[in-house]
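Chemist: requesting a structural model of the entry that follows:
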Amino acid sequence: MIRRHAWLFTCVCMGIVSCAPWPERPDTAVQAYRPSKSAQILDLVRSELGVPYVYGGSSPRGFDCSGLVYYVYRQAGIKIPRTANAQFYASHPVTLADLQPGDLVFFEIAGDAQLHVGIYAGGGSFIHAPETGEVVSYAQLGNPYWQARFIGGGRL
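Modeler: Sure thing, here's the model as predicted:
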């Protein structure tokens with residue numbers, strides 16, 4: 001299976017404008033990720049463990065998946081788009097083997113239209129805002145559900 005990043009890169013290089021599966025593009029420039037921010041990002045996301053999932057939420061009163069990432073990165077001083085799809089496009093591809101704590105992990109949940117995002121915490125785990133009725137929590141990349149839906153990592 002061709003990873004979305006590689007597929008998008010091929011389309012851009014070939015000059016094919018309409019081949020991207022998602023119409024959304026980041027509307028802001030993303031600052032370069034600094035590895036020194038990794039510990040700060042992890043501290044910030046861990047401080048949100050237990051916060052309830054709220055559709056469209058991007059504050060400690062409640063988060064959706066991309067809202068959690070958006071909030072944490074902004075608190076760390078890193079400008080990042082708001083939605084999971086835009087975060088995917090804005091990030092630099094990272095293989096599973098090369099993931100570093102603080103990187104983003106992306107999952108295809110409902111075909112090409114909907115992505116899920118979390119923050120890699122190291123040791124095969126990530127922190128995310130799962131879904132309605134749940135709270136910000138850890139999950140394992142090796143879990144069959146997440147493993148089957150993993151489409152790649154991203155670094156900002």
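
Chemist: C-alpha from now on. contacts and neighbour counts both.
Modeler: Noted.

Chemist: is the residue nearest the centre of the chain in a helix, a strand, or coil?
Modeler: Note on the chain: the residue nearest the mean C-alpha position is V117, at 3.4 Å, using C-alpha atoms, centre = their mean. Here V117 is recorded as strand under DSSP: H, G, I helix; E, B strand; the rest coil.

Chemist: can I assume it is in contact with P130?
Modeler: No - the pair V117 / P130 is not scored as a contact, 9.2 Å apart, by C-alpha atoms under 8 Å.

Chemist: which residues are in contact with both of the two?
Modeler: Taking C-alpha atoms under 8 Å, 6 or more residues apart in numbering as the criterion, V117 and P130 both touch C65.

Chemist: quick one: the strands in this structure?
Modeler: Secondary structure of the chain (DSSP state E): strands at 58-59, 62-63, 92-94, 104-108, 115-122, 125-128, 137-140, 150-155.

Chemist: CA atoms of stretch 96-116 as PDB?
Modeler: Only the C-alpha atoms of stretch 96-116 are listed here, as PDB (Å, rounded to 0.1, in the frame of the first residue of the first chain):
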ATOM      1  CA  LEU A  96       7.100   3.700  12.300                       C
ATOM      2  CA  ALA A  97      10.700   2.700  13.000                       C
ATOM      3  CA  ASP A  98      11.900   6.400  13.100                       C
ATOM      4  CA  LEU A  99       9.100   7.800  15.400                       C
ATOM      5  CA  GLN A 100      10.400  10.000  18.200                       C
ATOM      6  CA  PRO A 101       8.400  11.100  21.300                       C
ATOM      7  CA  GLY A 102       6.400  14.200  20.300                       C
ATOM      8  CA  ASP A 103       5.900  13.100  16.700                       C
ATOM      9  CA  LEU A 104       2.400  12.800  15.400                       C
ATOM     10  CA  VAL A 105       0.800   9.400  14.500                       C
ATOM     11  CA  PHE A 106      -2.000   9.300  12.000                       C
ATOM     12  CA  PHE A 107      -4.700   6.700  11.400                       C
ATOM     13  CA  GLU A 108      -7.300   6.300   8.700                       C
ATOM     14  CA  ILE A 109     -10.600   5.800  10.400                       C
ATOM     15  CA  ALA A 110     -13.300   6.200   7.800                       C
ATOM     16  CA  GLY A 111     -11.800   6.000   4.400                       C
ATOM     17  CA  ASP A 112     -10.000   8.900   2.800                       C
ATOM     18  CA  ALA A 113     -12.200  11.500   4.400                       C
ATOM     19  CA  GLN A 114     -11.400  11.200   8.100                       C
ATOM     20  CA  LEU A 115      -8.100  10.900   9.900                       C
ATOM     21  CA  HIS A 116      -7.300  10.400  13.600                       C
END
